[in-house]
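Undergrad: below: sequence and its predicted model.
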Amino acid sequence: MEKEILEIRWHGRGGQGAKTAALLFGEAALETGMYIQAFPEYGPERTGAPVSSYNRLSKKPIRIHSGIETPDIVLVLDPTLIGKVDVTAGLKDDGVIIVNTTKSPSEVRKMLGLKDSIKVYTVDAYGIALATIGRAIPNTPMLGSLIKATGILNFDHLLESVRKKLEVKFRGKGADIVDKNIQAIKKAYEETKGEE
Amino acid sequence: MKVVAKTANEAMAEAMRQINPDVVAAYPITPATEIVQIFSSFVHDGLVDTEFIAVESEHSAMSACIGAAAAGARVMTSTSSQGLALMDEVLYIAAALRLPIVICEINRALSAPINIHCDHSDTMNVRDSGWIQIYAEDSQEAYDSVIQAMKIAEEAFLPAMVTADGFILSHAMQRIDMLEDEEVQAFIGEHKSPYNLLDIYNPITIGPLDLQDYFFEHKRQEADAMMKAPEVIKKVADEFGQKFGRKYGLVEEYRLDDAEYAIVVIGSTAGTAKDTVDMMRDKGHKVGLLRIRVFRPFPAEEIVKALKNVRVVGVMDRADGVNAYGGPVFMEVRAALYEEEKKPDVYSFVYGLGGRDVKPVDIERVFQMIMDADKGKKIDRLNYIGVRE
Amino acid sequence: MKETWKELPIGAIIKEPGSSKRFETGDWRTERPVLDPEKCIHCMFCWIYCPDSSIKVENGKMEGFLYEYCKGCGICADVCPTKAITMVREEV
């Protein structure tokens, strides 16, 4: 990680787990010795309403407490947010955007009118979630895509860390649901596409 | 010590668990709900020995805390905003009865209009209630301060509230270095109570009518305890620093040594302001920051010492005076400097009401305005920043 | 001279139990209760009703009044079933 503070913004819809994804990612980064922040943006809380959550990562203690306005990385958990929410707002010129969609990265680049310097990745997180978890929950697969696209964390470490957290979260609901989520992350990692 | 990722709500609830109070009486309120909810799960899981009293209002919560503390129990609670306002009249009673109760408070704007986000109007509203007030800059400090507050309260025989900014800290996960349970227990030590209503061998009367002939003496005594509290707070902070390596004081000076321009701020904005100070220092500006950590008792001496050689000071208040002459922090900082022969010019900047985000650029603007004022440009004494004009 | 603030116990507590006994509330009244022992049946109604604990009782018998505390409210005379208590004007 070259930047002093790396900033990430997650876009999702209420109930899709954008907050949980930021928390899981933050904890995984913390375990590698980094300083982290993970926080949601709170507005009217309604299933399906556009929501966002954030991460900051740094090798040094993070003191800043303002909102994130110029992220290095943007993740879009739901393709229908494009056009409704300004998902690229403030995205840095050397930034990365990762979108859950069946479209190709170049199609997304065209739709969003992105500069050449911004990297675009896509993954069919709904398809993957349906095939593995059985429900269209895009947050865990997007964690796999984030690592594939940026390499911020070691992938095996992320899997290990998320597994531990989910085992606590799904306590009593069986190991099955944890395994399915891990499968989803792995599949998304493999299937995330960048541009040629 | 273990490194964990926690929000201020989670971290404060963990501090409560490690303190293991005898009684917690609480009523949940956004954004402090989680503190009460997490702690109640600790009670349910048998991780604490606490008698948890689910009450019907914050007024009842504090009343139950007072009763329990008067009966010699170690007592804590948690609230925010309207909840703290509803406790108001009982807060004065806890303080005057000299009961060492600790509140984990989350800062949230007072209604109306209704809002759930951060400003300091709730705790500023009760600043003269006789409670010690510690404002945390981040979740680590919120955690550390709750542990210190329990010990401070029981040594000063004054109640104490530790506050953290709503959502900005309460719901933001960060790295927390947690102490071991035994370390916390050893640090806070045996519970000390000023008296015990249940001691049948030494029966006492609590809360009698106290008229013209004694009331003033009792209030004078309470004021004296508050005047002596800074020594207790510093002693406890020093002991904490020596044992666990994290140092705290009444105020925190940041790059003030040779500063010509300074801002004064409390709460989480101080972190953002430190980054801004570094940024402006890199550009060659002689700027610095004073963070007031303990607002009650008001550390006038430390503030004067830190600011008297600065040329201009901008005091940032996350609560408006509305019908006063500037925000509460501004008024008191300026008053403290009044008798100094050489003193800075002081301006008021009200910001961030109802959770309005404050960014480095906003803080830079405050510095720019006070630097302009120093160069002869006329600016208002009382300013609002970050509001649509 | 009463205590200074430095000498008082903290929290405005009162450390001496029953100290209100020393506060003689009966230093003024317009009428005082007077008992006719012939009529008294020692039913203790007056003792139950007296708001100032001013009924003197010895060995289960009503023995008169504690005038240091009696405010002369007349409740005892009102509740007495045998009219053994009468209220008389307090002379100077």
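TA: All right, it came through fine. Numbering: from 1, shown residues only, chains lettered A, B, ... in the order given.

Undergrad: can you check the pLDDT for C:V92?
TA: Predicted confidence (pLDDT) for C:V92: 56.

Undergrad: next: A:E196.
TA: So, for A:E196, pLDDT stands at 75.

Undergrad: roughly how far apart are it and chain C?
TA: 77 Å (Cβ to the nearest Cβ, to the nearest Å). (C-beta placed from N, C-alpha, C; glycine too.)

Undergrad: and the closest residue to chain C within chain A, how far is that from chain B?
TA: Closest to chain C within chain A is A:H65: 38.7 Å, counting by Cβ to the nearest Cβ. Computed with Cβ to the nearest Cβ, the distance linking A:H65 and chain B is 4 Å.

Undergrad: check contacts around that residue.
TA: B:138, B:165, B:168-169, B:172, B:268-269, B:271-272 (Cβ atoms under 8 Å, 6 or more residues apart in numbering or on different chains).

Undergrad: now these as a markdown table including pLDDT and neighbour count?
TA: Output for those, formatted as a markdown table (pLDDT from 0 to 100; neighbours: other Cβ atoms under 10 Å in any protein chain shown):
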| residue | pLDDT | neighbour count |
| --- | --- | --- |
| B:D138 | 98 | 27 |
| B:D165 | 98 | 32 |
| B:I168 | 97 | 29 |
| B:L169 | 97 | 31 |
| B:A172 | 96 | 25 |
| B:S268 | 98 | 32 |
| B:T269 | 98 | 27 |
| B:G271 | 98 | 22 |
| B:T272 | 98 | 22 |
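
Undergrad: in strands only, show me these.
TA: B:D165 (DSSP state E).

Undergrad: that older thread, ok, for the residue of chain A closest to chain C, nearest residue in space, not its chain neighbours?
TA: B:S268 (4.2 Å; Cβ to Cβ, 6 or more residues apart in numbering or on different chains).

Undergrad: shouldn't the one you found be in contact with B:L169?
TA: Yes. At 5.4 Å, B:S268 counts as touching B:L169 under the criterion of Cβ atoms under 8 Å.

Undergrad: intersection of neighbour lists for the two?
TA: A:65, B:136, B:138.

Undergrad: separation between the first one and A:L166?
TA: Which is A:H65. To A:L166, A:H65 is 29 Å away according to Cβ to Cβ, to the nearest Å.

Undergrad: give the contact list for the residue in the stretch 201-350 of chain B that chain A sits nearest to.
TA: Closest approach between the stretch 201-350 of chain B and chain A, counting by Cβ to the nearest Cβ: B:G271, at 3.6 Å. B:G271 sits next to A:62-65, B:137-138 when contact means Cβ under 8 Å, 6+ apart.

Undergrad: mind running it again at 10 Å?
TA: A:61-66, B:137-138, B:141, B:168-169, B:265, B:291 (Cβ atoms under 10 Å, 6 or more residues apart in numbering or on different chains).

Undergrad: which one is it nearest to, not counting chain neighbours?
TA: A:R63 (3.6 Å).

Undergrad: B:D380 now?
TA: B:D380's closest residue in space is B:Y347 (Cβ to Cβ, 6+ apart), at 7.8 Å.

Undergrad: equivalent analysis for B:E332, please.
TA: B:F298 (5.7 Å).

Undergrad: just confirm the one you found is within a strand.
TA: No. Secondary structure of B:F298 (DSSP: H, G, I helix; E, B strand; the rest coil): coil, not part of a strand.

Undergrad: residues near it, how many?
TA: For B:F298, the neighbour count with other Cβ atoms under 10 Å in any protein chain shown is 20.

Undergrad: before we move on, what about B:L47?
TA: Neighbours of B:L47 (other Cβ under 10 Å): 14.

Undergrad: also the one 4 residues further on?
TA: Applying other Cβ under 10 Å, we find 15 residues neighbouring B:E51.

Undergrad: break chain B into its domains for me.
TA: Each domain of chain B is listed here as a residue range: B:2-244, B:251-384, per automatic domain parsing.

Undergrad: ok, B:A142 touching B:C104?
TA: Yes. Between B:A142 and B:C104 there is a contact at 7.8 Å, judged by Cβ atoms under 10 Å.

Undergrad: is stretch B:311-321 anywhere near chain A?
TA: No. Using Cβ under 10 Å from any Cβ of the partner chain, stretch B:311-321 stays clear of chain A, with a minimum separation of 11.9 Å.

Undergrad: what distance do you get for B:E301 to chain C?
TA: Counting by Cβ to the nearest Cβ - B:E301 and chain C are separated by 23 Å.

Undergrad: that residue falls within a strand, correct?
TA: No. Assigned with three-state DSSP, B:E301 falls outside any strand and is helix.

Undergrad: what's the burial count for it?
TA: Neighbours of B:E301 using other Cβ under 10 Å come to 12.

Undergrad: from memory it sits against B:P230, does it?
TA: Yes. B:E301 lies in contact with B:P230 (Cβ under 10 Å); the separation is 8.3 Å.

Undergrad: list residues touching both of these two?
TA: Contacts common to B:E301 and B:P230, judged by Cβ under 10 Å, 6+ apart, are B:L250.

Undergrad: quick one on the thing from earlier: what score does the residue nearest to B:G271 have for pLDDT?
TA: Value listed for A:R63 in the pLDDT field: 97.

Undergrad: likewise B:R291?
TA: At B:R291, pLDDT is 98.

Undergrad: before we move on, what about the one 5 residues further on?
TA: As predicted, B:R296 sits at a pLDDT of 98.

Undergrad: give me the pLDDT for the residue nearest to it when sequence neighbours are not counted.
TA: What sits nearest to B:R296 in space, not counting adjacent residues and going by Cβ to Cβ, 6+ apart, is B:Q133, at 4.0 Å. You'll see B:Q133 listed with a pLDDT of 98.
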